[in-house]
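> here's my sequence, what's the structure:
(2 chains)
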2 protein chains.
Amino acid sequence: MTAADTITRLRGLVEASLAGTLSSESSRIPSPLREAMEYSLMAGGKRVRPVLLLSAGLAVGGGEDDLLPFACAVEYIHTYSLIHDDLPAMDDDDFRRGKPTSHKVFGEGTAILAGDALLTDAFRVMAQSHLAQSNPGRAVRAIAELAQAAGGGGMVGGQQMDLSATPGSSTAAEVDEIELRKTAALLASCARMGGILGGGSPAQVDALGEYGTRLGLLFQVTDDILDETGTFEEMGKGIAKDRARGKWTYPVAHGMPAAIERASELERSALAAVSTFGTEADPLRELVRMVRNRRK
Amino acid sequence: MTAADTITRLRGLVEASLAGTLSSESSRIPSPLREAMEYSLMAGGKRVRPVLLLSAGLAVGGGEDDLLPFACAVEYIHTYSLIHDDLPAMDDDDFRRGKPTSHKVFGEGTAILAGDALLTDAFRVMAQSHLAQSNPGRAVRAIAELAQAAGGGGMVGGQQMDLSATPGSSTAAEVDEIELRKTAALLASCARMGGILGGGSPAQVDALGEYGTRLGLLFQVTDDILDETGTFEEMGKGIAKDRARGKWTYPVAHGMPAAIERASELERSALAAVSTFGTEADPLRELVRMVRNRRK
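Here you go, the predicted structure:
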C-alpha cells in the first residue's frame, strides 16, 4: 500500500468514526441543533487535521482505535471554528465549499449554538474515549495540547487578531503571527497529539510538533496563494482581488514571489523535521506533498 | 467557622484563583479579546458553581488546591454561556447585573470569540492543572462530566430548546426539560466533579449528583419566581411580565403556587440527598439555604 493509499484509508476511517461519534450522542441533542452539527461536520473536506493526527500517531507506533476519537475531536474543533468564522459578525460568508453556511440554513442563533456544541463535545469525545480509561495520563496531555492550541492564546486569539487587523497598518510580522495562530497552531497540536497518544518520546513529540507547524504554515501560504484562483497560473488575479477586498494574507504582505519561495522552504523544513523517522512516517511525507500540490 | 463563613472563604479563593488563571495566560491573548474575557469573568456574581464544586469536593475529603482549577473551569463555562446567551441572535440583552453586556462593549465579533476562548480555556485550565499530572484518571473523568453536561446533549441543547420554544405550543414537561438542561445539568456536574476529584466513592458521587440536580432545579425555579420582582412579595408582577414577553418559565407553565411548592420540595430533596454525610457537608446544606432565600 502506498503512502497515498494509506492517507485515503485513514480518511475513510475518519469519516466513519465522525458519523459514529455524532450518532452515539444524537438522541440527546435536540433538533435543529443536531441537524446543524451534522450539516457542517459531515460536509466533506479533506480531513487534513484528523488524518495528520492519525499519521503522526502511527509514525510512533500508536494504535488506530486509540487515536480515532482524538482525530474526530480535532475535526469537531475545526468545524466549529468554520461555523463561527462564517457568522455575520465575523467574516460574513454565505457559502462554504459551494454550500450555504450554517447561519444561512439554520439561522444565526442555532449556528452559534452548533459551534458551541461541537467545541464542547470535542472534549467529551476525547474524555470519554477508551484511551482516557486505559491511559488517562496520555489522554489528558493530548487534551491540554488541543485546548492550548485552540483557545484564547492560540486559534481564537488569531481570529481576534484577524478581526482587529486593518490592512494598511498591520506589519508583515503581524500577518505571519495571525497565520501561525489561526492555522499552524492547530495543525502543530494535531501532530503533537498523535505523538503523545501513540507513546512517542519527548524528542519525537517535539519533532512532530515542528513538522506540524511547518505543514500548517505551508497549508496557509498555499491556501492564500490558491485562494480564489484554483491554480498557480491564475494567482495574479487572486492577489489583485485580495488586495481589493482588503484581505491581508502572506502574498499580499510579502509579495507573490516571496510567498512561492516560502512554500518551497516550508516543504523542505517540514520534511526535514521528520527525517529521523523511517518508512512509518511516509504518510506524513505524503501529506506534505498533498498540501503543496493541492488544487482548491 | 460557620458553614456560611466557609462559603464566604471559598468564594474568596475562587475570585483569587480566577484572576490567577487569567493572568497566567494573558500575555498570549491579544487585545481586546483578553479584556473581553476579563470583563465578563471578573464581573462578580455569587460564584455558585465553583463554590458548589469546592463544597462537594471538601465533603468527600478532597484538597482545595486540587479542586480550585476545576472550580475556575466551571465558572469559565458559565461565563461563556452568559456571553453567548446575551447575543442579539439569542436573548438580545443589553445589560447583565447592571453592566452593559459583552457585545455592547466590545462588539459582536469579539463577544463571540470571548465566549469561544473561555469555553476552550476551561478545558485548558483543567488539563494543565496539578491534579491532571498527579492523578490523571480523576482529572479526565471530571473533564468528561463537565463536557457531557455542557455540550449538545446538555446545556447547549437546553439553550437550543429555549431558542426554538414557542410559548403557546410548549408543554409543561418541555419547560421542565429546558430548565433541567440549561441550569441543573451544569450544577449537577459541578457536584459530581467535586466528588470525583475529591476521591469520593461511586455512591457518594451519585448522591452528590442527585443533590446538584435538585439544587440546580431549585436555583432555576427560585430564579424564575424572583425574576424581575426582587422579592416573593412582588412575584405577581413578575409572572404577568413574563407572560407578556412570551417568556416561558416554570411559574408560567405550572402557576405560581405550584412553583413555590416545588421550591420547598426541591429544598427538602436536596438536603435528603446528602443526609448520609456528616458535618463536612454543612457547606452543601448552607448552599441550599442560600439559594432558597436569596434576593436578586
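> how many other residues sit next to the closest residue to A:V156 other than its chain neighbours?
Distance criterion C-beta to C-beta, 6 or more residues apart in numbering or on different chains; nearest residue to A:V156, sequence neighbours excluded, is B:A117 at 4.3 Å. To be clear about C-beta, it is placed using only N, CA and C from the backbone, and glycine gets the same treatment. Neighbour count for B:A117, taken as other C-beta atoms under 10 Å in any protein chain shown: 31.
> pLDDT score for B:A117?
We have a pLDDT of 98 for B:A117.
> dihedrals phi and psi, it?
Here is the backbone geometry of B:A117 (degrees, to the nearest 10): phi -70, psi -40.
> what is the helix or strand that A:A259 is a member of packed up against?
If you go by DSSP states H and E, A:A259 is part of helix A:256-273. Packing contacts for helix A:256-273, counted by 3 or more C-beta pairs under 8 Å, 6 or more residues apart in numbering or on different chains; DSSP states H and E, involve helix A:202-226, helix A:235-245, helix A:250-254, helix A:282-293.
> quick check: which of those is buried the most?
helix A:202-226 (a mean of 23; mean count of other C-beta atoms under 10 Å in any protein chain shown).
> between helix A:256-273 and that helix, find me the angle.
With axes from the mean of the first three to the mean of the last three C-alpha atoms, to 10 degrees defining the directions, helix A:202-226 sits at 160 degrees from helix A:256-273.
> tell me the contacts of A:S269?
With contact set as C-beta atoms under 8 Å, 6 or more residues apart in numbering or on different chains, A:S269 has these partners: A:R214.
> what do you get if the cut-off is 10 Å, keeping everything else the same?
By C-beta atoms under 10 Å, 6 or more residues apart in numbering or on different chains, A:S269 lies in contact with A:E210, A:Y211, A:T213, A:R214, A:L215, A:L217, A:L218, A:V288.
> chain B: which of these is nearest?
Ranked by distance to chain B (C-beta to the nearest C-beta), the contacts of A:S269 are led by A:T213 at 15.8 Å.
> my read: the closest one touches A:A185, true?
Yes. If you go by C-beta atoms under 10 Å, A:T213 and A:A185 touch, sitting 8.0 Å apart.
> hang on, the earlier thing: what's the average pLDDT for the helix holding A:A259?
Mean predicted confidence for helix A:256-273 is 95.
> in it, what counts as buried?
Neighbour counts over helix A:256-273 (16 or more other C-beta atoms under 10 Å in any protein chain shown) mark A:M256, A:A259, A:I260, A:R262, A:A263, A:L266, A:E267, A:S269, A:A270, A:L271, A:A273 as buried.
> distance check, the second one against chain B.
Counting by C-beta to the nearest C-beta, to the nearest Å, the gap between A:A259 and chain B amounts to 24 Å.
> give me the nearest residue to that residue, chain neighbours excluded.
In space, and not counting its chain neighbours, A:A259 is closest to A:P251: 4.1 Å by C-beta to C-beta, 6+ apart.
> that neighbour contacts A:D224, correct?
Yes. Counting by C-beta under 10 Å, A:D224 is a contact partner of A:P251 at 5.3 Å.
> near A:E35, how many other residues are there?
A:E35 has 15 neighbours, counted by other C-beta under 10 Å.
> please look at it and A:A111 and confirm they touch.
No. Using C-beta under 10 Å, A:E35 and A:A111 do not qualify as a contacting pair, with a distance of 11.6 Å.
> what sits in contact with each of the two?
Counting by C-beta under 10 Å, 6+ apart, the common neighbours of A:E35 and A:A111 are A:V105.
> just to revisit the earlier point, rank the helices and strands packed on helix A:256-273 by pLDDT, which is bottom?
Minimum mean pLDDT among those: helix A:235-245, a mean of 55.
> who are the contact partners of A:I77?
Neighbour list for A:I77: A:49, A:118-119, A:121-123, A:146-147, A:149-150, A:155, A:186, A:189-190, B:120 [criterion: C-beta under 10 Å, 6+ apart].
> three-state assignment of A:S275?
Here A:S275 is recorded as coil under DSSP: H, G, I helix; E, B strand; the rest coil.
> and it, what are its phi and psi?
phi -70, psi -20.
> please, which helix or strand holds the residue nearest the centre of chain A?
With distances taken as C-alpha atoms, centre = their mean, A:R49 lies nearest the centre of chain A, 4.5 Å away. Element membership for A:R49 (DSSP H and E) is helix A:48-59.
> for that helix, C-alpha coordinates in PDB please.
Written as PDB, here are the backbone C-alpha positions of helix A:48-59 (Å, rounded to 0.1, in the frame of the first residue of the first chain):
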ATOM      1  CA  VAL A  48      -6.400  17.100   6.900                       C
ATOM      2  CA  ARG A  49      -6.300  17.600  10.700                       C
ATOM      3  CA  PRO A  50      -7.600  14.200  11.800                       C
ATOM      4  CA  VAL A  51      -5.500  12.400   9.100                       C
ATOM      5  CA  LEU A  52      -2.500  14.300  10.400                       C
ATOM      6  CA  LEU A  53      -3.100  13.200  13.900                       C
ATOM      7  CA  LEU A  54      -3.500   9.600  12.900                       C
ATOM      8  CA  SER A  55      -0.400   9.700  10.700                       C
ATOM      9  CA  ALA A  56       1.600  11.200  13.500                       C
ATOM     10  CA  GLY A  57       0.300   8.600  15.900                       C
ATOM     11  CA  LEU A  58       1.100   5.700  13.500                       C
ATOM     12  CA  ALA A  59       4.600   7.100  13.000                       C
END
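> same question for the helix or strand hosting A:A149, mean pLDDT?
Using DSSP H and E, A:A149 maps to helix A:136-150. What helix A:136-150 shows for mean pLDDT is 98.
> now do that helix against helix B:136-150, angle only.
Interaxial angle, helix A:136-150 versus helix B:136-150 (the same axes, to 10 degrees): 50 degrees.
> do any residues in helix A:136-150 lie close to chain B?
Yes. Helix A:136-150 reaches chain B (C-beta under 10 Å from any C-beta of the partner chain) through A:136-150.
> tell me the buried residues in that helix?
Neighbour-count burial for helix A:136-150, with 16+ other C-beta under 10 Å as criterion, is recorded at A:136, A:138-150.
> off-centre distance for the following helix or strand past it?
Downstream of helix A:136-150, the next assigned helix or strand under DSSP H and E is helix A:155-164. The chain centre lies 16 Å from the centre of helix A:155-164; the measure is C-alpha atoms, centre = their mean, to the nearest Å.
> next helix or strand past helix A:155-164?
Next in sequence after helix A:155-164, counting helices and strands by DSSP H and E, comes helix A:172-179.
> quick one: that following helix near chain B?
Yes. Judged by C-beta under 10 Å from any C-beta, helix A:172-179 comes into contact with chain B through A:E174, A:E177, A:I178.
> between these, which has the most around it?
Highest neighbour count within the residues of helix A:172-179 next to chain B: A:I178, with 26 neighbours (other C-beta under 10 Å).
> nearest residue to that residue other than its sequence neighbours?
Using C-beta to C-beta, 6+ apart, the closest residue to A:I178 is A:M161 (4.7 Å).
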